[in-house]
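*Asks:* next come a sequence and a model predicted from it.
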Amino acid sequence: MKPVNTLLGQTGTTIFTVMSALATRHGAINLGQGFPDTEGPADIVQAAAAALLDQRNQYPPLTGLPELKAAVAAANARFYGLDIDPVSGVCVTSGATEAITACLMALLNPGDEVVLIEPLYDTYLPVVRMLGAVARLVRLEPPGWALPRAALAAAFGPRTKLLLLNTPMNPTGKVFTREELAFIAGLLAAHDAYAVCDEVYEHLVFRSTRHIPLMTLPGMAARCLRIGSAGKTFSLTGWKVGYVSGPPALVELVGRAHQNLTFTTAPNLQRAVALGLAKPDAYFTTLADTLQARRDLLEAGLQRLGFGTLQAAGGYFITADITPLGMAADDAAFARMITEQAGVAAIPVSAFYAANPPSHYLRFAFCKQPAVLEEALQRLGTWLAARPAA
Ligand code: PMP
Ligand code: GLN
């Protein structure tokens with residue numbers, strides 16, 4: 001038989017699925033894959049259920065239902081003062097995952113260079129490679145994850161087509177500052193490059209920090225495609241409703257990619273998400289405040305157990321340093337061990353690197369009920385107390 005696709009043949013199953021399966025097998029509390037353990041807002045779920053029953057279940061329009069596109073444009077204006085055309089400036093996708101691929105398809109030709117920032121979300125590199133583009137990796141260093149400006153500038157060149165930026169960032173919890181974004185904007189303008197902005201955690205940012213879309217910086221609106229996810233904004237990760245906002249000329253091409261990927265997204269979910277995006281400001285601040293309290297709980301607990309913890313300013317995750325525990329295992333082995341033996345799953349941060357990763361950090365999800373986080377800490381504590389001395 002002829003060989004199948006070489007790149008996919010070399011791509012393993014995503015670490016999120018691997019660790020979730022291991023967690024299930026061992027009855028572990030899953031602080032690995034990032035998903036809340038409670039339902040999203042009842043009125044939104046109810047609206048989706050009702051929308052299934054009122055005879056609008058055929059293909060919705062290619063780029064999304066008008067009411068959702070209008071709600072996305074209105075949210076861009078309400079939260080960031082962005083002026084997005086509700087008809088030609090928005091494309092609804094089946095999750096941010098599809099949006100990322102569609103945006104990359106819209107902009108890249110084979111041989112183009114793409115600047116990616118490590119640690120990086122799992123779909124970025126395989127998709128860039130599948131499209132025949134060339135990744136230029138720039139690495140943020142723990143514990144501060146500051147932007148290495150000289151290295152970033154050096155990664156840009158005449159063939160740079162775009163930068164893929166994730167803020168708030170998975171797995172680090174970093175929220176890029178205005179100064180960092182201004183530096184990035186300068187590079188994009190100087191090299192006539194685009195940015196694909198993965199902002200799925202835009203509303204999950206903790207007090208004292210503010211999420212700033214790169215698109216809001218001077219000159220950037222014409223160069224940026226901004227991606228949001230209803231899964232994150234409404235704690236309904238299984239819904240897979242994403243949306244891309246940007247200049248019509250670029251969004252039109254995202255639509256062309258989308259028509260060849262999924263073509264449309266379930267209409268009842270789109271209608272419910274449109275209602276969700278119109279929720280009062282209090283919904284969004286409560287969402288962030290609730291999550292912040294859970295971060296605080298897990299962070300303090302991990303510190304009590306002897307882990308080092310890195311600052312998480314947004315998103316679902318906290319990075320923990322296993323070095324102070326004085327065990328010989330690397331992060332992947334440690335993650336397996338605690339899943340199998342302690343009954344708590346986490347993700348090894350090395351999975352977010354293309355090569356030569358740091359090997360002593362774990363990513364723990366804190367988007368769980370407080371009692372579940374307490375139980376996970378208790379299990380880890382019992383396991384650590386029982387382990388043989390290093
Ligand atoms: N980007 C990042 C950074 C993520 O963490 C995730 C995971 N939820 C996604 C994209 C995918 O979002 P969705 O579930 O809407 O496809
Ligand atoms: N974004 C989620 C995470 O980082 C996982 C999504 C997935 O499993 N594809 O945990």
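*Replies:* It's in. Ligands and ions are numbered 1, 2, ... in the order given.

*Asks:* okay, strands next: where are they in this structure?
*Replies:* Using DSSP state E, the strands assigned to the chain run over residues 29-30, 90-93, 113-118, 134-139, 160-166, 194-198, 224-229, 242-245, 308-309, 317-321, 344-345, 347-348, 361-365.

*Asks:* wait, which of those is closest to ligand 1?
*Replies:* Shortest distance between ligand 1 and those, using C-beta to the nearest ligand atom, is found for strand 224-229: 3.4 Å. Bear in mind the C-beta positions are built from the backbone N, C-alpha and C, glycine included.

*Asks:* and the angle from the closest one to strand 194-198?
*Replies:* Relative orientation of strand 224-229 and strand 194-198, computed by axes from the mean of the first three to the mean of the last three C-alpha atoms, to 10 degrees: 10 degrees.

*Asks:* show me the contacts for Leu275.
*Replies:* With C-beta atoms under 8 Å, 6 or more residues apart in numbering as the criterion, the residues that contact Leu275 are Asp43, Ile44, Ala47, Ala71.

*Asks:* which one is the first one nearest to, not counting chain neighbours?
*Replies:* Nearest in space to Asp43, with sequence neighbours left out and distances taken as C-beta to C-beta, 6 or more residues apart in numbering, is Leu275 at 7.3 Å.

*Asks:* quickly note the distance from that neighbour to Thr123.
*Replies:* For Leu275, the distance to Thr123 under the criterion C-beta to C-beta, to the nearest Å works out to 28 Å.

*Asks:* again, but for Leu269
*Replies:* 21 Å.

*Asks:* identify the residue nearest Pro142 in space, chain neighbours excluded?
*Replies:* With sequence-adjacent residues excluded and distances taken as C-beta to C-beta, 6+ apart, Pro142 is closest to Leu310, at 6.0 Å.

*Asks:* residues near the one you found, how many?
*Replies:* For Leu310, the number of neighbouring residues by other C-beta atoms under 10 Å comes to 19.

*Asks:* those helices in the stretch 201-350 of the chain, which residues are they?
*Replies:* 230-233, 248-261, 267-277, 281-305, 331-337 (DSSP state H, counting those that start in this stretch).

*Asks:* tell me where the model's unsure across the stretch 251-390 of the chain.
*Replies:* Within the stretch 251-390 of the chain, the ranges that satisfy pLDDT under 70 run 388-390.

*Asks:* mind redoing it with 90?
*Replies:* When the per-residue scores of the stretch 251-390 of the chain are filtered using pLDDT under 90, the ranges that remain are 327-328, 387-390.

*Asks:* quick one: contacts for Val114?
*Replies:* By C-beta under 8 Å, 6+ apart, the residues touching Val114 are Leu104, Leu108, Val128, Ala133, Val134, Ala135, Arg136, Thr160, Lys161, Leu162, Leu163, Leu164.

*Asks:* only whichever of those residues are buried, select them in PyMOL.
*Replies:* Buried residues within the contacts of Val114, by 16 or more other C-beta atoms under 10 Å, are selected in PyMOL with:
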select buried, resi 104+108+128+133+135+136+160+161+162+163+164
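
*Asks:* in CSV, list the contacts of Val114 along with distance to Val92.
*Replies:* Output for those, formatted as CSV (distance: C-beta to C-beta, whole Å):
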residue, distance to Val92
Leu104, 17
Leu108, 21
Val128, 23
Ala133, 25
Val134, 30
Ala135, 28
Arg136, 31
Thr160, 29
Lys161, 24
Leu162, 22
Leu163, 24
Leu164, 20
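
*Asks:* okay, and the beta partners of Val194?
*Replies:* To be clear, residue 194 is Tyr; Val isn't right here. Each beta-bridge partner of Tyr194 is listed here: Leu162, as defined by DSSP bridges.

*Asks:* isn't His26 up against Met337?
*Replies:* No: counting by C-beta atoms under 8 Å, His26 does not reach Met337; the two are 10.7 Å apart.

*Asks:* could you identify the buried members of the contacts of Leu275?
*Replies:* Ile44, Ala47, Ala71.

*Asks:* now those as CSV including distance to ligand 2 and pLDDT?
*Replies:* As requested, the buried ones among the contacts of Leu275 are exported to CSV (distance: C-beta to the nearest ligand atom, whole Å; pLDDT from 0 to 100):
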residue, distance to ligand 2, pLDDT
Ile44, 20, 98
Ala47, 24, 98
Ala71, 23, 98
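
*Asks:* so which bits of the stretch 51-200 of the chain are right by ligand 2?
*Replies:* Proximity of the stretch 51-200 of the chain to ligand 2, by C-beta under 6 Å from any ligand atom, involves residues Asn170.

*Asks:* where in the stretch 51-200 of the chain is pLDDT low?
*Replies:* Counting by pLDDT under 90, the stretch 51-200 of the chain contains no low-confidence segment.

*Asks:* what sits against the closest residue to Thr319 other than its chain neighbours?
*Replies:* Nearest residue to Thr319 in three dimensions, chain neighbours excluded: Leu310, at 4.2 Å (C-beta to C-beta, 6+ apart). Applying C-beta under 8 Å, 6+ apart, we find Leu310 in contact with Pro142, Pro143, Trp145, Thr172, Gly173, Ile318, Thr319, Ala320, Asp321, Tyr361.

*Asks:* shouldn't Thr323 be in contact with Gly308?
*Replies:* Yes: assessed by C-beta under 8 Å, Thr323 is found in contact with Gly308 at 6.6 Å.

*Asks:* which one of these two has more residues nearby?
*Replies:* Neighbours of Thr323 and Gly308, each counted by other C-beta under 10 Å, are more numerous for Gly308; the result is 17 against 11.

*Asks:* skipping adjacent residues, who's closest to that one in space?
*Replies:* Asp321 (3.2 Å).
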